[in-house]
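Q: dropping the sequence and predicted coords here.
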Amino acid sequence: MIRAVLALARSDLFRWHRSPALVAATLIPALSMGVMVVALTYAVGRQPVALVIEDHGPVADHIIQIIRESDGFFLVERTREEALADMKAQRVAAVITIPAGFEDRVGSHDAKLDVFINNVDLDFSDDVRRSINEAVVEVDAPSLATLGENDLPPGTVSGIPNPYRIDVAERDLRTPDVSFLAYQMVPVLALLSLTAGALVTALAIAGEREVGALRLVRLSPVPRTAVVAGRLLGGTVASGALLSAVVLAATLTDVLSPPAGRWPLLMLLLLVTAVGSVGLGVLVGLLTRRVTTTAMLGVNVATASFLLGGGFTTIAFLPDFVQGVARAFPTYYAVEGVREVLFYDSMPTLGRNLAALTATAVVSLVVGSVALARVSARPH
């Protein structure tokens, strides 16, 4: 029986591996979302901004250096005329000017930075405003500009008092800050875990039904339990192999860095997600019957799962009815659990997430196994 199980699993894997269309259908959803996340990550802060310098001095040079180090944009130095021409031609999205006489006006408390913004995009406009405000605050109130970067008493940095009447005492939940890329890679991993297991199994079953090969199972001496186990094992192995490759690559490139001792929990969450997706894949393959229909349905469901699992946002920030819909998808629990394991010291919802994923896996495996055994047992 074990040999039969392994043979069926190997057959599904070889069928998937040897068909570029099946490989593409399995990987495209996760790859597309991953590429989009990377593109968004590197698009942030890449808008060009012209910097016009018409004055120098200790304060002027200091604020110029702060602006140059900002992550809200990248700078190109221009004369005033060149900058205005670039703005008119939309080669830059904003012009920041250190006007003539700026240094002298600092002493008389009426210095101004001239900021000219093409405010067609609120997100970018706010990036420029935030960066300029931070530059000004770092000059006048460095204690507010370096929150979270030192352990000095509130209101002081290197002995410099806060000149404002109100200070801010910030407490961070974790250290260091999580990068946008690392945070958004978690839904991609959950999506890959879901689609790999589901689509490898679904495409194999749909392909065999389409060509009539599934009918031969009824005539073979292989036990029905071996048929079911072989189908489930193939999808689980495929999903595990793909996940291992992606997680290893992300770890080697420092995109993901699990805390010490969290690796077993991380792999357990992804494995349970993959196992549950295999059972769902059996149902999808039996319902759709054709490979093209299976691929189309799989891609659409995968995209919805990615978004409702927390892709591009945090589900807790969305309206209550959207949160209710999201909780019906296993990716919600996978994403929440993996983010907790990767990014937080405590894991208060880990038990709930594991229980939900395990229940999904058990139910999907049982239902998928019964459905596959019935199809294999009856005449076609």
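A: Structure's in. What do you need?
Q: chain center to stretch 124-138: distance?
A: On the basis of CA atoms, centre = their mean, to the nearest Å, stretch 124-138 sits 26 Å off its chain's mean C-alpha point.
Q: may I have it exported as CSV, CA atoms only?
A: What follows is stretch 124-138 as a C-alpha-only set of coordinates in CSV (Å, rounded to 0.1, in the frame of the first residue of the first chain):
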residue,chain,number,x,y,z
PHE,A,124,3.4,61.4,-2.1
SER,A,125,2.5,65.0,-1.1
ASP,A,126,2.2,63.8,2.5
ASP,A,127,5.6,62.1,2.2
VAL,A,128,7.2,65.4,1.2
ARG,A,129,5.4,67.3,3.9
ARG,A,130,6.4,64.7,6.6
SER,A,131,10.0,64.8,5.5
ILE,A,132,10.2,68.6,5.6
ASN,A,133,8.5,68.7,9.0
GLU,A,134,10.9,66.1,10.4
ALA,A,135,13.8,68.1,9.1
VAL,A,136,12.6,71.3,10.8
VAL,A,137,11.8,69.5,14.0
GLU,A,138,15.2,67.8,14.0
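Q: please spell out which residues along that stretch are buried.
A: Of the residues in stretch 124-138, Phe124, Asp127, Val128, Ser131, Ile132, Glu134, Ala135, Val136, Val137, Glu138 count as buried by neighbour count, 16 or more other CB atoms under 10 Å. For glycine as for every other residue, the C-beta is placed from the backbone atoms N, C-alpha and C.
Q: out of these, which comes closest to Val301?
A: Phe124 (33.7 Å; CB to CB).
Q: which residue ranges of the stretch 1-150 of the chain form helices?
A: 2-17, 20-43, 58-68, 80-88, 102-107, 122-140, 142-145 (DSSP state H, counting those that start in this stretch).
Q: return the distance of the fifth one from the chain's centre.
A: Centroid separation between helix 102-107 and its chain, computed with CA atoms, centre = their mean, is 46 Å.
Q: going by neighbour count, which residues of it are buried?
A: Those buried within helix 102-107 under the rule 16+ other CB under 10 Å are Phe102, Glu103, Val106.
Q: just the pLDDT for the first one.
A: Turning to Phe102, the model gives it a pLDDT of 91.
Q: ok, the closest residue to it other than its chain neighbours - contacts?
A: Counting by CB to CB, 6 or more residues apart in numbering, Phe102 lies nearest to Asp55, which is 4.3 Å off, once chain neighbours are set aside. Residues counted as contacts of Asp55 (CB atoms under 8 Å, 6 or more residues apart in numbering) are Ile98, Pro99, Ala100, Gly101, Phe102, Glu103.
Q: at 10 Å instead, please
A: 61, 64, 97-106, 111 (CB atoms under 10 Å, 6 or more residues apart in numbering).
Q: do Val247 as well
A: For Val247, the residues meeting the contact criterion (CB under 10 Å, 6+ apart) are Met185, Leu189, Leu192, Val255, Leu256, Pro258, Trp263, Leu266, Met267, Leu270.
Q: same question, Ile67
A: For Ile67, the set of contacting residues under the criterion of CB under 10 Å, 6+ apart consists of Val49, Leu51, Phe73, Leu75, Ile96, Ile98, Leu113, Ser131, Ile132, Glu134, Ala135, Val136.
Q: with Ala89 instead?
A: The neighbours of Ala89, taking CB under 10 Å, 6+ apart as the test, come to nothing; the list is empty.
Q: what does Leu191 give?
A: If a contact means CB under 10 Å, 6+ apart, then Leu191 has 29-34, 273, 302-303, 305-307, 309, 311, 331, 334-335 as its contacts.
Q: which one of the buried residues of stretch 124-138 is nearest Asn353?
A: For Asn353, the nearest member of these is Asp127. The distance, counting by CB to CB, is 33.9 Å.
Q: any idea where the helices of the stretch 201-350 of the chain begin and end?
A: If you assign secondary structure with DSSP H, counting those that start in this stretch, the helices in the stretch 201-350 of the chain sit at 215-219, 224-252, 263-288, 291-308, 320-326, 330-343, 350-377.
Q: could I get those helices as CSV with mean pLDDT and distance to Arg68?
A: Below are the helices of the stretch 201-350 of the chain laid out as CSV (pLDDT from 0 to 100; distance: least, CB to CB, whole Å):
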stretch, mean pLDDT, distance to Arg68
helix 215-219, 55, 68
helix 224-252, 76, 31
helix 263-288, 80, 38
helix 291-308, 72, 37
helix 320-326, 84, 41
helix 330-343, 87, 30
helix 350-377, 78, 43
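Q: closest to Ala202 out of these?
A: Ala202 lies closest, by CB to CB, to one member of the helices of the stretch 201-350 of the chain: helix 263-288, at 3.8 Å.
Q: one step back: nearest to Leu342 among the contacts of Asp55?
A: Proximity to Leu342 was ranked across those by CB to CB; first place goes to Ile64, at 37.8 Å.
Q: how far away is the closest one from Ser70?
A: When CB to CB, to the nearest Å is applied, the distance between Ile64 and Ser70 equals 11 Å.
Q: what is in contact with these two at once?
A: Contact with both Ile64 and Ser70 is made by residues Ile96, Ala135, according to CB under 10 Å, 6+ apart.
Q: identify the residues contacting the closest residue to Pro259 other than its chain neighbours.
A: By the measure of CB to CB, 6+ apart, the closest residue to Pro259 outside its immediate chain neighbours is Leu342, 7.5 Å from it. Contacts were defined as CB under 10 Å, 6+ apart; by that measure Leu342 touches 178, 182-183, 185-186, 189, 256-259, 262, 265-266.
Q: and of these, the nearest to Val278?
A: The shortest approach to Val278 among these belongs to Leu189, at 16.7 Å (CB to CB).
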